[in-house]
Structure formats: structure tokens, C-alpha cells
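Colleague: Coordinates for the following, if possible.
(one chain, ligands or ions: 1)
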Amino acid sequence: MKNSTTEPPGSLRNTVSNPSHTVQIAKAPSKGRLRATKTKFSSVDQLVFATRPDMPVHIVRPATITSTAKWFLKQFPGDVLFAVKTNPDPIVLATLAKAGVAHFDVASLGEVKLVAENVPSAEMYFMHPVKSREAIHAAYYDYGVRSYSLDSLEELTKILQVTGYARDLNLYVRLSIPNEHAAMSLCGKFGVATHDAAELLIETRKVAAKLGVCFHVGSQCMDPSAYVTAMALTANLVRETGVKLDVLDIGGGFPSVYPGMTPPSLSSYMETIRAALKAEPLFASCQIVCEPGRALVAEGGSTLVRVELRKAGMLYINDGVYGSLFDAGTPAFVYPVRAIRMGGEVSQQMQEFSFYGPTCDSLDVMHGPFTLPSDIREGDWIEIGQLGAYGATMRTNFNGFRSDATVEVADKPLLSIFGTN
Ligand SMILES: *Cc1c(COP(=O)(O)O)cnc(C)c1O
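Modeller: Presented below is the predicted three-dimensional model:
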């Protein structure tokens with residue numbers, strides 16, 4: 001790629017030439033919008049060369065999402081629910097639906113509406129154990145949602161009162177189970193302790209059309225045995241209480257791959273789960289369900305940022321923890337990165353950097369380390385990978401930095417769990 005010297009920051013270019021073709025760029029001076037008429041590019045490089053974006057760009061790789069979804073649907077011995085909170089982008093929802101994902105795990109009325117609009121045929125499961133009465137009412141009467149999770153007798157009563165003691169409810173009791181193998185624990189806030197669950201299971205059984213048990217082993221679960229432990233706890237509980245179980249929902253937690261955090265292969269999770277199901281006669285007559293978020297979409301998205309200033313080993317970039325990089329902040333996830341420079345080569349020599357986000361808050365810092373060319377500088381772009389999960393979904397408009405620019409690309413992700421094992 002040959003290009004003239006570095007542009008002054010913020011300049012508008014109407015035409016960008018490259019050896020193969022010329023891309024026309026609409027002259028749209030408004031901020032917060034990608035200055036391009038196109039929203040699909042063959043690659044991230046082509047996007048940068050064609051548009052030189054001065055705001056963060058959320059990148060979707062539909063082909064990657066499609067192949068991951070098809071893999072999950074083929075490998076998991078039951079229904080695959082997409083956990084919508086991970087990435088509610090309409091392109092992502094439509095891509096998953098087209099790949100065959102028919103079930104969606106939603107946690108708010110906002111998500112119910114979003115899925116109804118984008119995937120009218122979807123079957124939704126309202127899996128937040130604490131819902132407002134208004135949300136339950138609208139979900140049940142306006143959107144036909146019949147599946148709900150709960151972890152208390154109070155929530156059970158609430159669901160029954162709001163739905164007029166409906167007889168067609170599929171009710172999932174959320175258990176609190178150990179999250180010791182997960183990068184992010186999800187057992188502190190929700191879930192009934194197994195020793196308190198018997199009464200709730202018995203009471204729920206009396207009023208449920210279908211009784212389910214659900215749990216979450218924690219996000220980015222690094223050991224497939226966590227599912228086996230949770231399934232054994234479930235089986236013991238069901239046996240002790242003597243209820244008939246219709247659905248076993250093993251939740252999300254399936255991992256993706258990050259620098260320094262390589263989990264066992266996803267195939268080994270599937271094999272372990274299949275073996276545990278086979279070994280437990282109680283589950284033979286159950287419908288089996290899972291709720292992956294991260295593993296379905298992480299590889300299918302990136303964020304493209306620009307370096308606005310360098311101070312030694314710190315790069316001031318134009319997205320941060322109030323944008324799509326929340327998990328790079330305190331949770332300290334490390335993401336794969338790649339530098340892109342217009343009109344020149346970057347150094348082959350690599351160095352570790354940390355990032356500052358664009359807001360004025362000192363908490364807007366991402367320690368990484370992120371390994372990039374040693375001569376990276378203002379005006380270079382960085383593609384930050386594995387952000388298809390818990391990336392753009394987290395962004396806020398704090399300090400006025402929200403970017404809504406979203407584009408689709410057709411090239412390969414920076415890192416793939418399917419390539420590493
Ligand atoms: C967040 C969440 C998920 C998805 O978890 P991942 O770790 O991203 O797979 C699934 N189910 C529930 C109830 C959740 O809260």
C-alpha cells in the first residue's frame with residue numbers, strides 16, 4: 001500500500017488511491033459517524049486505507065460468527081441459546097439466526113424487544129432471575145415469552161401473579177454453583193444455594209409446564225470439569241427432592257482464547273459434557289440447553305482504534321474502558337493486537353505497551369501488556385481482537401466519546417480458538 005505522508009489529524013480525504021482500485025468516500029463532516037458510504041470491506045486494512053477513521057470502529061466478521069455458530073449447533077447435544085448481552089448488534093443477531101441459532105437468552109425487556117425486531121422467529125428465554133413486574137408482563141403478553149428463570153420463592157410468586165397463574169410457563173431454577181475455574185465469577189449475585197434449593201424446586205414443579213434447572217459455571221471457564229461438577233450437584237438435588245426434571249440448562253461459560261489465556265479445546269468441553277450426560281440416567285429424558293455468549297461471538301469482532309499520542313510505553317488511544325474495552329480495565333483481559341500504518345512500514349521489533357482511553361478518568365487505563373511494534377506512534381491504527389464478546393455492548397457516551405461506527409469485514413480474526421487447538 002503506497003500512500004502519501006501522514007495526514008494532519010482529522011483531515012478529510014475524499015479519494016484514497018491504492019494500487020488496485022479507488023474508493024470514493026462520502027464527505028460527511030459530522031462527528032461520530034464513519035466517513036464512508038460503505039459498511040462492508042474485504043479486510044480491516046482495506047477499511048483503514050479507504051476511510052482513515054478518526055473514531056473507534058466496531059468490526060463484525062459475519063463469516064467467523066457463522067462458522068462458530070454452525071460448529072456449536074453441530075457439537076452441542078441440545079439447544080443452543082445465544083446470550084444476547086454479549087453482543088446485541090443487529091448484524092450479529094441476524095448472522096446467528098441465519099446460521100441456525102433459533103433460541104436467545106435475554107435478560108431485559110430491551111433485549112426482548114431487540115430480538116423480536118431482528119429475529120421475529122426467535123424463541124426467547126428470559127434468564128434474569130430478578131425481573132420487574134412490567135418486564136414480565138410485556139414479555140409474556142406482548143412477546144410470547146414462556147421461559148423464565150428464578151432463584152427465589154418471591155420471584156416465583158411474582159411471575160405467577162403477573163401472568164395470572166399461567167399454565168404454560170417453563171420455569172428454570174437457577175442454582176448457585178462453584179465458579180472456581182472461571183476468569184469471571186457469576187455465582188455471587190444470582191442462584192439459590194444447593195442446600196436451599198429443594199423447597200424452591202418442589203414449589204416450582206407444582207406450577208411449571210416444564211421444570212428446568214440452570215446454572216452458570218462463570219464466564220471464560222478454563223476447565224470443562226466445572227460443568228461435570230455442576231451437573232452432578234443438579235442430579236443429586238433432583239434425586240433428593242424427587243421432582244421430575246424436564247430441562248437441564250448448563251448455561252454459558254465456554255471460553256475463547258486470549259494472549260496468555262489458552263483454554264483446553266472447545267471440543268474437549270463438548271466431549272466432557274456429552275460423557276457426563278451419558279453417565280447420568282436422570283438426564284436421559286431431559287431436554288438439554290446451553291447459553292453460550294463469549295465463545296459464540298468473541299472471535300467474530302474487533303475494535304479498530306487510533307493512537308492519538310504516545311508517552312514512552314503508554315499509548316493514548318481513542319477507545320477505552322467506558323467504550324468497548326471495559327474488560328481490558330479492571331478485569332484486565334489482554335487482547336490480541338495488530339498495528340496498521342498508512343504509507344509506511346512499522347518496525348519488526350516488538351515492545352509491550354499499556355493503553356490510556358480517551359476519557360478524563362484515571363480509571364480509563366488498560367495495562368495489558370499489549371505487544372506492538374516498538375515505533376508505534378500517533379496516527380497509527382490498532383486492531384484489537386476478540387472483542388466480538390463483551391466489547392461494543394459495554395460502550396457508553398461518557399465524556400462524549402461513544403462511537404456507533406460498525407462495519408463488516410471478510411478477513412480472518414487475529415486469533416482463533418479453532419486454530420490453537
Ligand atoms: C452472561 C450470561 C451468559 C453468557 O455467558 P458466557 O460466559 O459469555 O458464555 C449465559 N447465561 C446467563 C444467565 C448469563 O448471565
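Colleague: mind checking the longest helix of this structure?
Modeller: Identified as the longest helix of the chain according to DSSP state H is helix 225-241.
Colleague: Give me the helices and strands touching that one, please.
Modeller: Identification of packing neighbours for helix 225-241 by 3 or more CB pairs under 8 Å, 6 or more residues apart in numbering; DSSP states H and E yields strand 170-176, helix 197-207, strand 210-214, helix 266-279. Every C-beta, even on glycine, is put in place using the N, C-alpha and C of the backbone.
Colleague: The third one - contacts with which helices or strands?
Modeller: With contacts taken as 3+ CB pairs under 8 Å, 6+ apart, strand 210-214 sits against strand 147-150, strand 170-176, helix 197-207, helix 225-241, strand 247-249, strand 287-290.
Colleague: Relative to that strand, what are the paired strands and their orientations?
Modeller: Looking at strand 210-214 with DSSP bridges, its partner strands are strand 170-176 (parallel), strand 247-249 (parallel).
Colleague: which residues sit against that strand?
Modeller: Contacts to strand 210-214, defined as CB atoms under 8 Å, 6 or more residues apart in numbering, come from residues 127, 147, 149, 170-175, 201, 204-205, 234, 237-238, 243-251, 287, 289, 291.
Colleague: on that earlier part again, of all the helices and strands packed on strand 210-214, which one is nearest residue 113?
Modeller: Within the helices and strands packed on strand 210-214, the stretch nearest residue 113 is strand 147-150; the backing value is 16.6 Å (CB to CB).
Colleague: Give me the buried positions along the helix or strand that that closest one is followed by.
Modeller: Heading C-terminal from strand 147-150, the first helix or strand you meet, by DSSP states H and E, is helix 153-162. Of the residues in helix 153-162, 155, 156, 158, 159, 160, 162 count as buried by neighbour count, 16 or more other CB atoms under 10 Å.
Colleague: I'd guessed the first one sits against residue 129; true?
Modeller: Pointing back at residue 155 there. Yes - judged on CB atoms under 8 Å, residue 155 makes contact with residue 129 at a distance of 6.2 Å.
Colleague: So what's the residue count around residue 361?
Modeller: Using other CB atoms under 10 Å, residue 361 has 14 other residues around it.
Colleague: Three-state assignment for it, please.
Modeller: Here residue 361 is recorded as coil under DSSP: H, G, I helix; E, B strand; the rest coil.
Colleague: how close does it sit to the ligand?
Modeller: 25 Å (CB to the nearest ligand atom, to the nearest Å).
Colleague: Please apply the same query to residue 380.
Modeller: Computed as CB to the nearest ligand atom, the residue 380 to the ligand distance reads 31 Å.
Colleague: Tell me which residues touch that residue, please.
Modeller: 306, 307, 339, 340, 341, 346.
Colleague: Tell me what residue 290 is bridged to.
Modeller: Applying DSSP bridges to residue 290 yields these beta-bridge partners: residue 80.
Colleague: pretty sure it is touching residue 80, no?
Modeller: Yes - contact between residue 290 and residue 80 holds when scored by CB under 8 Å: they sit 6.0 Å apart.
Colleague: more crowded one of the two?
Modeller: Comparing residue 290 with residue 80 by other CB under 10 Å, the one with more neighbours is residue 290, at 27 against 21.
Colleague: Could I get the pLDDT score of the more buried one?
Modeller: On pLDDT, residue 290 comes in at 98.
Colleague: Could you do residue 147 as well?
Modeller: Note on residue 147: pLDDT of 98.
Colleague: coming back round to it: quick check, nearest of the buried residues of helix 153-162 to the ligand?
Modeller: The ligand lies nearest to residue 155 out of these, by CB to the nearest ligand atom, at 14.0 Å.
Colleague: Would you mind measuring from the closest one to residue 238?
Modeller: 20 Å (CB to CB, to the nearest Å).
Colleague: which SSE is the nearest residue to residue 377 once chain neighbours are set aside in?
Modeller: Closest residue to residue 377 apart from its sequence neighbours, by CB to CB, 6 or more residues apart in numbering: residue 310 at 5.5 Å. Counting by DSSP H and E, the element that carries residue 310 is strand 301-311.
Colleague: and the next element down the chain from that strand?
Modeller: As assigned by DSSP H and E, the chain's next helix or strand after strand 301-311 is strand 314-317.
Colleague: From the chain's centroid, how far away is that next one?
Modeller: Between the mean C-alpha location of strand 314-317 and the chain-wide mean there is a distance of 25 Å, by CA atoms, centre = their mean, to the nearest Å.
Colleague: Appreciated, that's everything.
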